[in-house]
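>>> fold the following.
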Amino acid sequence: MRRPKVLVLYAPGNNCHHELLDAFRIAGADPELVLLTADLLRGRRTLSEGDMLAIPGGFSFGDHIAAGRIFAIDLIHRLKDQLREARERGVPMIGICNGFQILVNTGLLPGGGEIGFPDALVDRNASAVFESRWVDLYVQKSGCLWTKGLAGERMRVPVAHGEGRVILPDTYDDRQTVFRYGAPEGSEDYPANPNGSRDGIAGICDQSGLILGLMPHPERAIYPWLGNDDGIRIFRAGVDAVR
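Below you'll find the model as predicted:
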């Protein structure tokens, strides 16, 4: 069975890349760490080399200006053609925590417009403090490739972010909601909802269902001896869809 090639994009300050590499290996893919600055921006590698793209969590470039903003600016202004080609080619993408913030800043999520013109925001937590805990995550019925066959399931995964409150445009289609906090219908109660996102939205996809972004960290829930392995189901669903 074919093992898809996954490019895990790393920038200084990201700190969840090793877990993300392991998650894809366990799920049956061949992941490879690709450096934004030394590889992609210098032309040594291209985004077209991957069957799938993944952006890990952490604090890329120290989250200067805003969370994920500098990483997104590099993608928009220096790799825009490659990013557009990957989207048009139907390359599945996942962004976790800081990666989600980056995908929103590029305009890839919630999607529908031109790259470089974001219409959503991942803002400061309503609590105004960094939130780090395990949460209940409920998979919604959607057309997302990364959760095929998982609708209705509950997952226990950790969150760790200071800017996770998702603010979406009035034109947002709720069928793009992939995960909710706290209850199947979502919860706005703290701390079940750690950041105050409306309707408990924890993760969304674009209209194609190929691009997924979420604030919780499924890559930190892939080993039973570290709590549980609920998160690996997301990576297996994505990899299986590409084989």
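
>>> name the nearest residue to residue 166, ignoring sequence neighbours.
residue 197 (4.4 Å; C-beta to C-beta, 6 or more residues apart in numbering). Placement of C-beta: from N, CA and C, glycine included.

>>> that neighbour contacts residue 163, correct?
No: counting by C-beta atoms under 8 Å, residue 163 is not a contact partner of residue 197; they are 11.2 Å apart.

>>> in this structure, which residue is most central in space?
For the chain, the residue nearest the mean C-alpha position is residue 95 (2.2 Å; C-alpha atoms, centre = their mean).

>>> what's near enough to touch residue 180?
137, 138, 140, 186, 187, 199, 200, 201, 202 (C-beta atoms under 8 Å, 6 or more residues apart in numbering).

>>> filter those residues down to just the ones in strands.
The strands in this structure, assigned by DSSP state E, contain 137, 138, 201, 202 from the contacts of residue 180.

>>> pretty sure the first one contacts residue 155?
Yes: Residue 137 is within contact range of residue 155, at 4.5 Å (criterion: C-beta under 8 Å).

>>> more neighbours, these two?
Set residue 137 next to residue 155 and count neighbours by other C-beta atoms under 10 Å: residue 137 wins out with 27 against 22.

>>> ok, now how distant is the more buried one from residue 243?
When distances are taken as C-beta to C-beta, to the nearest Å, residue 137 and residue 243 turn out to be 25 Å apart.

>>> rounded mean pLDDT for stretch 189-196, please.
Averaging the model's pLDDT scores along stretch 189-196 yields 98.

>>> list the buried residues for it?
For stretch 189-196, a neighbour-count test (16 or more other C-beta atoms under 10 Å) marks 193, 194, 195, 196 as buried.

>>> and residue 197 and residue 163? which has more neighbours close in?
In terms of neighbours (other C-beta under 10 Å), residue 197 is the more surrounded of residue 197 and residue 163; the figures are 25 against 19.

>>> now that one: phi and psi?
In this entry, residue 197 is assigned phi and psi values of phi -60, psi 140 (degrees, to the nearest 10).

>>> now do it against residue 69, distance only.
Between residue 197 and residue 69 the distance is 19 Å, computed by C-beta to C-beta.

>>> then stretch 170-187 to PDB, C-alphas only?
Listed next in PDB are the C-alpha coordinates belonging to stretch 170-187 (Å, rounded to 0.1, in the frame of the first residue of the first chain):
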ATOM      1  CA  ASP A 170     -21.100  36.400   8.400                       C
ATOM      2  CA  THR A 171     -20.900  34.400   5.200                       C
ATOM      3  CA  TYR A 172     -19.400  31.400   7.000                       C
ATOM      4  CA  ASP A 173     -21.200  28.100   6.200                       C
ATOM      5  CA  ASP A 174     -21.500  26.100   9.400                       C
ATOM      6  CA  ARG A 175     -21.200  22.900   7.400                       C
ATOM      7  CA  GLN A 176     -17.500  23.700   7.400                       C
ATOM      8  CA  THR A 177     -17.400  23.200  11.200                       C
ATOM      9  CA  VAL A 178     -15.400  20.000  11.900                       C
ATOM     10  CA  PHE A 179     -14.900  20.100  15.600                       C
ATOM     11  CA  ARG A 180     -16.700  21.600  18.600                       C
ATOM     12  CA  TYR A 181     -15.700  21.900  22.300                       C
ATOM     13  CA  GLY A 182     -17.500  20.400  25.200                       C
ATOM     14  CA  ALA A 183     -20.700  18.900  23.700                       C
ATOM     15  CA  PRO A 184     -21.900  17.500  20.400                       C
ATOM     16  CA  GLU A 185     -23.700  20.800  19.700                       C
ATOM     17  CA  GLY A 186     -20.800  22.800  21.100                       C
ATOM     18  CA  SER A 187     -20.400  24.600  24.300                       C
END
